[in-house]
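[1] Next comes the sequence, and after it the predicted model I'd like to discuss.
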Amino acid sequence: MKAKTLYDKLWESHVVREEPDGTALLYIDRHLVHEVTSPQAFEGLRLAHRPVWRASANLATADHNVPTTDRSSGIADPVSRVQVETLDQNCADFQIVEFGMNDPRQGIVHVMGPEQGATLPGMTVVCGDSHTSTHGAFGALAHGIGTSEVEHVLATQCLIQKKSRSMLVVVDGPAGPGVTAKDIVLAIIGRIGTAGGTGYAIEFSGQAIRDLSIEGRMTVCNMAIEAGARAGFVAVDDKTIEYVRGRPFSPSAQHWDQAVAYWQTLHSDDGAEFDEVVVIPAAEILPQVTWGTSPEMVSPVSDKVPDPRDEADPVKADGMRRALSYMGLEAGTPITQIRLDKVFIGSCTNSRIEDLRAAAAVARGRRVAESIKQALVVPGSGLVKAQAEQEGLHRVFIDAGFEWREPGCSMCLAMNADRLEPGERCASTSNRNFEGRQGKGGRTHLVSPAMAAAAAIAGHFVDIRDLQV
Amino acid sequence: MDKFRTFTGIVCPLDRSNVDTDAIIPKQFLKSIKRTGFGPNLFDEWRYLDHGEPGMDNSTRPRNPDFVLNDPRYAGASILLTRENFGCGSSREHAPWALADYGFKVIIAPSYADIFFNNSFKNGLLPIVLNAATVDQLFEQANGSHALELTVDLDAQQIRAGDAAPIGFDVDAFRKHCLLEGLDDIGLTLQHVDDIRAYEVRRRQQAPWLFE
């Protein structure tokens, strides 16, 4: 039998039918729903008098434009309020389980799903959000879809798809000190480029990936889309199975052993062939900071802001000049001399309990620099928040001068009130440093939680390896 | 969805690579629960000098004279010419909705981000891939003192300009068929209800925990 990749196995186990040209109808096991990309899909169902195919395969929460401050008086912005209320109404009408804004389980959809065991190995998982690739950390085939496809999944439990090409990214050897999952994935994007994974499904492997916790793997898979790949995943191992055990949506005792036996087959076979293989020695990866307006514009913290004159490709050099102008940076500036105005710790990339622990370890006993106007910590879900409070992390942050907020997407995309003002510079644990992403004219530098906390304390970037934690 | 017809339109050259969906339609406009009305806020942060919010009267907002969409040469453009990796970033279908609502029917670029590319077809918007050299030539022509007009013939898979040799392009046969016929994907899939049900029966036996 031909050796199969993990992608082959995930794909083949979900094909409902396939046309001669390779266009397939792919079955979807889990559909996650949020308020921003679903209202038009539910409206479409109503207009066509179509029911939801399998309501129990869906799970919804409001995350993108919920306030992260006190919620007892509801949402002040009337437009945001209508969108969140529309989700509540749609879920009630179509009998979809929803963790509404005031449910303790509410959170960022990509934090909430795995936390509930709603993401399981071997599943196909989709959501109207590009960071759905996060769920690939469980050995699942997970990717973002548009609203037309949200409607398609609601109506048919399937998607019309063509198989992508396969890429294996091997991060070889152990990661160095201070190097986190975020640094690993930023380094991968820096290496293959923001379109390097376009048309591919990426399997992340190698010792540095295997050594990561499940939460760390979620961080890596989360940003597969920033390398252009809709889906990124990691093979199942014992850590995956232990993480899934005992969660509300996990298999019951009756089916547990059968599920585990199946999950243990979810890895690429020896000798399986990939269309593309990229090997990155983990030892070469240092703590990363983005300096531009695309995640591929990234450098080790010990470097200087690069010079467009050193770039041979004229289109790239032009993009670099535009980025440096937008970011208000001079080529040649040491990254550790870049001063910040705000710090954001949160987002579907880095808002889980381990992220908060890493940031708190840096913040403990220290103070946010006077020059920092605002430092936000936004837990990924109500359950993450409760866990952090049980561990006393909120006290560490508050004592250091951080604001401790309610869960949501917050300043990652600034759909709610949390945003940058024009010209403000932010160290952010989120996933996109696009122009205007965190507010019109805002300047975003992507970093790990520990690096963000350290930047908040110092007022400028510091090499986390120089800091005694 | 309307059927995609051969048409002739003006080309608007947007000379940037990696144009992301946050730039195409900024997040504050994603709060709408409708599919329409995004056109006036297409490229909002580049197109206007002030900060846009939903509900503003866009006709009175200060326009950025340096942004190509505000150049009178390209008024009424229906073909957007741009660079590599157009539509990267978020999966928001509001991006193709905004482009289509503005009046674009075709995008021409050397490459696109996967999710945007896929979303476009679902909204009658045809993203055409041409090689970088051809795109360069089109930029040269579109940047001239007179706007470049092109005829896009999806059936023949050709772009034509005056007497010049037609430029051929590739398109997935299934997607072409859906665009030309204005077909609804859901309707097509629901023709295979029996296959979906049969799959579910099979899958329930193999992986019963997925149906608990």
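    That came in fine, so what should we check first?

[2] Tell me how many other residues surround B:Lys176.
    Other residues near B:Lys176 number 17, with proximity taken as other C-beta atoms under 10 Å in any protein chain shown. Quick note: C-beta positions are derived from backbone N, CA and C, even for glycine.

[3] from memory it sits against B:Asp153, does it?
    No. Proximity of B:Lys176 to B:Asp153 does not meet the contact threshold set by C-beta atoms under 8 Å, at 11.5 Å.

[4] tell me which residues of the lengthiest strand in chain B are tucked away?
    In chain B, ranked by residue count with DSSP state E as the criterion, the top strand is strand B:7-13. By neighbour count on 16 or more other C-beta atoms under 10 Å in any protein chain shown, the buried set for strand B:7-13 is B:9-13.

[5] cool, stretch A:408-417 as well?
    Of the residues in stretch A:408-417, those buried by neighbour count under the rule 16+ other C-beta under 10 Å are A:408-416.

[6] what number of residues lie near residue 117?
    Reading this off chain A. Here the count is done by other C-beta under 10 Å, and A:Gly117 has 17 residues near it.

[7] looking at chain B here, not the other one
    For B:Phe117, the count of nearby residues is 20 (other C-beta under 10 Å).

[8] can you give me phi and psi for it?
    phi -60, psi -50 (degrees, to the nearest 10).

[9] and it, what does it touch?
    Shown in contact with B:Phe117 (C-beta atoms under 8 Å, 6 or more residues apart in numbering or on different chains): B:87, B:127.

[10] Show the pLDDT at it.
    Confidence at B:Phe117, expressed as pLDDT, is 98.

[11] For the stretch 151-300 of chain A, which residue gets nearest to chain B?
    With C-beta to the nearest C-beta as the measure, A:Pro251 is the residue of the stretch 151-300 of chain A nearest to chain B, at 3.4 Å.

[12] Does the closest residue to that residue other than its chain neighbours belong to a helix, a strand or coil?
    Here the nearest residue to A:Pro251 in space, its sequence neighbours aside, is B:Trp209; by C-beta to C-beta, 6 or more residues apart in numbering or on different chains that works out to 3.4 Å. Here B:Trp209 takes the helix state, with states given by DSSP: H, G, I helix; E, B strand; the rest coil.

[13] isn't B:Trp209 right up against A:Asp257?
    No. In this structure B:Trp209 lies outside contact range of A:Asp257 using C-beta under 8 Å: 10.4 Å.

[14] and A:Val1, what does it touch?
    Just to correct that, residue A:1 is Met rather than Val. Applying C-beta under 8 Å, 6+ apart to A:Met1 gives no contacts.

[15] where's it relative to A:Gly44, distance?
    Separation of A:Met1 from A:Gly44 (C-beta to C-beta, to the nearest Å) stands at 43 Å.

[16] Same question for A:Ala414.
    In this view, A:Ala414 and A:Gly44 are 28 Å apart by C-beta to C-beta.

[17] before we move on, the earlier item: helices or strands next to the longest strand of chain B in the packing?
    In this structure, strand B:7-13 packs against strand B:79-81, helix B:132-142, strand B:149-153, with contacts taken as 3 or more C-beta pairs under 8 Å, 6 or more residues apart in numbering or on different chains; DSSP states H and E.

[18] so which of these is the most packed in?
    A comparison of those by mean neighbour count, using mean count of other C-beta atoms under 10 Å in any protein chain shown, puts strand B:79-81 on top with a mean of 27.

[19] Now do the next helix or strand after that strand against strand B:7-13, angle only.
    Sequence order places helix B:94-102 as the next helix or strand after strand B:79-81, per DSSP states H and E. Between helix B:94-102 and strand B:7-13, the angle comes out at 120 degrees (axes from the mean of the first three to the mean of the last three C-alpha atoms, to 10 degrees).
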